[in-house]
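1. below are the sequence and a predicted model for it; my questions follow.
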Amino acid sequence: MATTPKADAQVSVAIGVAPECPYGYYDAAPYACAPSGYYGPEWFAGDVFIGAGPWFHGASDFRGYVNNGYHPEHGYKGPMPKVGEKAEVARRVDAAHFKGNEMRDGRGHVAEGKK
């Protein structure tokens, strides 16, 4: 009677480097650059986007607003920045002018509650 050696399963997922987008990237594949105004100010540490989806590097209980009117799945057809573009100060949306309408966690899931 022959026995088969036990093999431990390994799963490896390579997601690569996060897109370098001036105002953050969408939280779902294909991770295109999001326009200014999609993410609220809590998604940034100074001028640095804290990430979303598989590249999120904030607190596990993070919650932040997005304005899903700037998402193509919700009808947005306006200008989209390209990977590698630099942010323009005049295009940034500050906290007083941001109009968030959906709370998300760092992985891109619709969430409730406060950050």
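-> In hand now; what should we look at?

2. centroid residue for this protein?
-> Nearest to the geometric centre of the chain sits Ala52, at 2.9 Å (C-alpha atoms, centre = their mean).

3. surely that residue is in contact with Phe44?
-> No - checked against C-beta atoms under 8 Å, the pair Ala52 and Phe44 is beyond contact range at 11.5 Å. Heads up, the C-betas are built off the backbone N, CA and C, glycines and all.

4. burial count for His57?
-> Neighbour count for His57, taken as other C-beta atoms under 10 Å: 12.

5. can you check Phe56 too?
-> The burial count for Phe56: 18, using other C-beta under 10 Å.

6. hang on, the earlier thing: report the set of residues contacting both of Ala52 and Phe44.
-> Contact criterion C-beta atoms under 8 Å, 6 or more residues apart in numbering; residues bridging Ala52 and Phe44 by contacting each: Gly24.

7. contact partners for the residue nearest to the centre of the chain?
-> With C-beta under 8 Å, 6+ apart, Ala52 has these contacts: Gly24, Tyr25, Tyr26, Asp27, Tyr39, Trp43, Arg104, Gly106, Arg107, Gly108.

8. what about those residues, which are in strands?
-> Among the contacts of Ala52, the ones falling in strands (DSSP state E) are Arg104.
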